[in-house]
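Engineer: The sequence and its predicted three-dimensional model are supplied below.
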Amino acid sequence: MFPAATMIGGAMMAKKQRKGSSALKGMWANMGSTIATFMFLWPIIRQYCPSVLRRYFENYTRRLMDFFNPYIRISFHEFKRDSLRRSSAYAAVEAYLNAATSKSAKRLKAETTGKDSSSLTLSIDEHETVTDEFEGVNVWWVSNKIVSQSRSLSYHPAPEKRLYTITFHQKHREMITESYLKHVVSKGKEIRVRNRQRKLYTNTPAQKLSSMWSHMVFEHQATFETLAMEPEKKREIVEDLLTFSKSKDFYAKIGKAWKRGYLLYGPPGTGKSTMIAAMANLLNYDVYDLELSSVKDNTELKRLLIETTNKSIIVIEDIDCSIDLTGQRKKKTEKSADDQNENLSKKIAKKEAKEEGSGSKVTLSGLLNFIDGLWSACGGERLIVFTTNYVEKLDPALIRRGRMDKHIELSFCSYEGFKVFAKNYLDLDMHPMFDAVQSLMGETKITPADVAENLMPKSPVEEAEKCLSNLIQALEEAKEEAAKKKDTTMKDAVQYQVVDGETEKPS
Ligand SMILES: Nc1ncnc2c1ncn2[C@@H]1O[C@H](COP(=O)(O)OP(=O)(O)OP(=O)(O)O)[C@@H](O)[C@H]1O
Ligand SMILES: [Mg+2]
């Protein structure tokens with residue numbers, strides 16, 4: 001209906017412009033009668049003519065219409081020609097139109113999306129026409145579906161091809177093709193990034209799939225608001241991340257790959273993994289959790305990297321406990337005196353066992369290439385994050401600025417951090433018991449993980465006071481423990497004596 005209307009409108013407009021010339025007048029009259037004859041004959045041709053003749057008439061009519069039609073049409077097909085790959089331009093147009101025009105569309109289709117089909121998405125229905133306006137110019141979009149006519153002896157339904165078609169007046173050709181369509185595609189891509197279900201990828205060797213990564217939906221709820229940390233430090237990290245994500249042109253200008261390395265270090269349970277989830281949620285990035293000990297060699301490491309997508313965080317957790325990055329297999333880690341945390345020792349032992357069995361041949365130089373060599377060729381927008389409990393154990397080459405651009409220490413819980421927990425877990429901004437917590441926190445150390453555990457209501461009816469007193473008790477116990485430890489160390493020190501400048505333990 002729409003092309004016919006535009007054709008007639010276009011013909012009339014063209015006719016008006018040429019009114020002055022009488023020679024042309026006759027030509028237009030002829031043309032008009034030709035069109036009228038065509039329109040009259042068309043149903044008969046369609047019904048009775050052989051297909052070859054019909055096609056000939058169709059082509060001829062289309063050419064005639066195009067001649068008079070002042071409107072231009074551009075199509076965005078769902079699939080690229082002879083390819084099973086979905087066109088990214090089509091996907092961007094779809095996202096843009098659904099966001100920009102679904103309120104004005106009269107026929108919409110509804111689909112459930114998300115995990116458990118929990119949310120309802122509305123999009124423009126097939127063959128629906130919607131209008132969009134850009135810099136005062138109207139354009140018309142139609143969502144089309146073409147069902148293939150080819151018949152086969154298959155039970156499968158005939159294949160369908162979807163496309164969006166934009167129609168606009170030819171006088172706006174330059175503006176539409178150079179500005180509007182770029183605007184549609186870039187907005188559409190932004191919307192898709194915002195709405196996409198992010199993924200958590202892992203490189204487990206158990207699954208020999210076509211891709212080197214297996215993935216699941218990333219649903220970690222951590223955000224920077226829920227992260228317990230000094231507000232100033234938090235603000236600085238958030239600003240750094242946001243600046244990075246908006247610096248495409250800057251990185252291009254200075255000739256650097258658009259990537260940034262973060263080193264998160266600190267004792268267990270201080271929020272390193274939680275911060276990675278908060279980063280992914282802030283920037284809307286996918287997460288690639290790279291288990292180095294499962295990577296066979298440097299070549300496999302490169303292939304894994306090549307398969308990562310833009311807008312992603314590549315994470316190597318506990319990098320000090322991963323494979324040996326100095327060229328030799330690691331010696332069994334001796335239990336150091338300051339290994340107070342049993343969990344930490346267990347973690348190291350587990351990693352060592354994995355390492356022994358893995359036979360990974362990834363080397364430090366392989367990893368360095370991974371970070372800056374090949375990495376630079378991978379285009380845009382990637383963060384790489386290392387976490388460690390022992391920053392001093394890492395090779396300086398691995399964490400020098402330029403590779404790990406930002407070093408962030410996550411440490412024991414501060415009073416400011418506790419207030420974030422109190423707000424999130426107990427919905428408390430202030431409470432008389434906070435003073436006791438503050439003074440105890442000044443005297444002893446407690447990890448954010450322990451604070452979180454104590455403030456977590458153990459039953460639906462547990463009062464905030466009870467949770468706070470649990471925390472106070474835990475802090476007092478930690479203080480006593482620390483005092484006892486200090487006493488023991490002092491006693492041990494007294495038992496040593498200095499003999500001729502040498503320290504000796506008396507027999
Ligand atoms: N800074 C924090 N803010 C909010 N929650 C935290 C923070 N630190 C720890 N937690 C809580 O403690 C739990 C453990 O934290 P997380 O796994 O992030 O620690 P980690 O530093 O990665 O420890 P590890 O070194 O053992 O890997 C999390 O589930 C989270 O609930
Ligand atoms: Mg962790």
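Structural biologist: Cool, got the structure. Ligands and ions are numbered 1, 2, ... in the order given.
Engineer: ok, then the element right after the helix or strand that contains residue 62?
Structural biologist: Secondary structure from DSSP states H and E places residue 62 in helix 51-68. Once the chain leaves helix 51-68, the next helix or strand it forms, by DSSP H and E, is strand 71-77.
Engineer: Surely residue 135 touches residue 178?
Structural biologist: No. Because the distance of 11.8 Å does not satisfy C-beta atoms under 8 Å, residue 135 is recorded as not touching residue 178. All C-beta atoms are positioned from the backbone trio N, CA, C, and that covers glycine.
Engineer: which residue does the protein bring closest to ligand 1?
Structural biologist: residue 271 (2.8 Å; C-beta to the nearest ligand atom).
Engineer: tally of neighbours for that residue?
Structural biologist: For residue 271, the tally of surrounding residues (other C-beta atoms under 10 Å) stands at 23.
Engineer: Please apply the same query to the one 5 residues further on.
Structural biologist: Counted by other C-beta under 10 Å, the residues lying close to residue 276 total 23.
Engineer: what's the helix or strand for it?
Structural biologist: Residue 276 is part of helix 272-283, with elements assigned from DSSP H and E.
Engineer: same for that helix, what does it pack against?
Structural biologist: Judged by 3 or more C-beta pairs under 8 Å, 6 or more residues apart in numbering; DSSP states H and E, the packing partners of helix 272-283 are helix 231-245, strand 259-265, strand 286-289, strand 312-316, strand 382-388.
Engineer: Buried residues, that helix. List them.
Structural biologist: By 16 or more other C-beta atoms under 10 Å, the buried positions in helix 272-283 come out as 272-283.
Engineer: Using CSV, list the CA coordinates for the helix holding residue 62.
Structural biologist: Listed in CSV are the C-alpha atoms of helix 51-68, where the atom choice follows Å, rounded to 0.1, in the frame of the first residue of the first chain:
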residue,chain,number,x,y,z
SER,A,51,5.2,-16.9,-14.9
VAL,A,52,7.9,-15.7,-17.3
LEU,A,53,5.7,-13.1,-18.8
ARG,A,54,4.4,-12.1,-15.3
ARG,A,55,7.9,-11.6,-14.1
TYR,A,56,8.7,-9.5,-17.1
PHE,A,57,5.6,-7.3,-16.4
GLU,A,58,6.6,-7.0,-12.7
ASN,A,59,10.1,-5.9,-13.5
TYR,A,60,8.9,-3.4,-16.0
THR,A,61,6.2,-2.0,-13.7
ARG,A,62,8.8,-1.7,-10.8
ARG,A,63,11.2,0.2,-13.0
LEU,A,64,8.4,2.5,-14.1
MET,A,65,7.4,3.1,-10.5
ASP,A,66,11.0,3.8,-9.4
PHE,A,67,11.3,6.4,-12.1
PHE,A,68,8.5,8.5,-10.7
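Engineer: other SSEs contacting it?
Structural biologist: Helices and strands touching helix 51-68, as assessed by 3+ C-beta pairs under 8 Å, 6+ apart, comprise helix 2-17, helix 22-48.
Engineer: In this protein, which helix is the longest?
Structural biologist: In the chain, ranked by residue count with DSSP state H as the criterion, the top helix is helix 464-495.
Engineer: For residue 143, see how far away residue 169 is.
Structural biologist: As judged by C-beta to C-beta, to the nearest Å, residue 169 and residue 143 stand 21 Å apart.
Engineer: the more surrounded of those two?
Structural biologist: Taking neighbours as other C-beta under 10 Å, residue 169 and residue 143 compare with residue 143 leading, 23 against 16.
Engineer: Just want the residue of the stretch 351-500 of the chain that's nearest ligand 2.
Structural biologist: Closest approach of the stretch 351-500 of the chain to ligand 2 (C-beta to the ion) occurs at residue 387, with a separation of 5.7 Å.
Engineer: What of the stretch 251-400 of the chain?
Structural biologist: Distance from ligand 2 to each residue of the stretch 251-400 of the chain (C-beta to the ion) is smallest for residue 273, at 3.3 Å.
Engineer: For residue 305, grab the count of nearby residues.
Structural biologist: Residues near residue 305, counting by other C-beta under 10 Å, number 21.
Engineer: Could you say which helix or strand holds it?
Structural biologist: Secondary structure here is read from DSSP H and E; on that basis residue 305 sits in helix 298-306.
Engineer: List the buried residues of that helix.
Structural biologist: Across helix 298-306, burial judged by 16+ other C-beta under 10 Å covers 298, 300-302, 304-305.
Engineer: Stretch 288-299 now?
Structural biologist: For stretch 288-299, a neighbour-count test (16+ other C-beta under 10 Å) marks 288-295, 298 as buried.
Engineer: and the spatially most central residue of the chain, what does it touch?
Structural biologist: Averaging the C-alpha coordinates of the chain gives a centre point, and the residue nearest to it by C-alpha atoms, centre = their mean is residue 285 (2.4 Å). For residue 285, the contacting residues are 198, 279, 311-313, 381, 383, by C-beta atoms under 8 Å, 6 or more residues apart in numbering.
Engineer: mind redoing it with 10 Å?
Structural biologist: Shown here is residue 285, whose contacts under the criterion C-beta atoms under 10 Å, 6 or more residues apart in numbering are 193, 198-199, 218, 241, 245, 276, 279, 309-314, 381-383.
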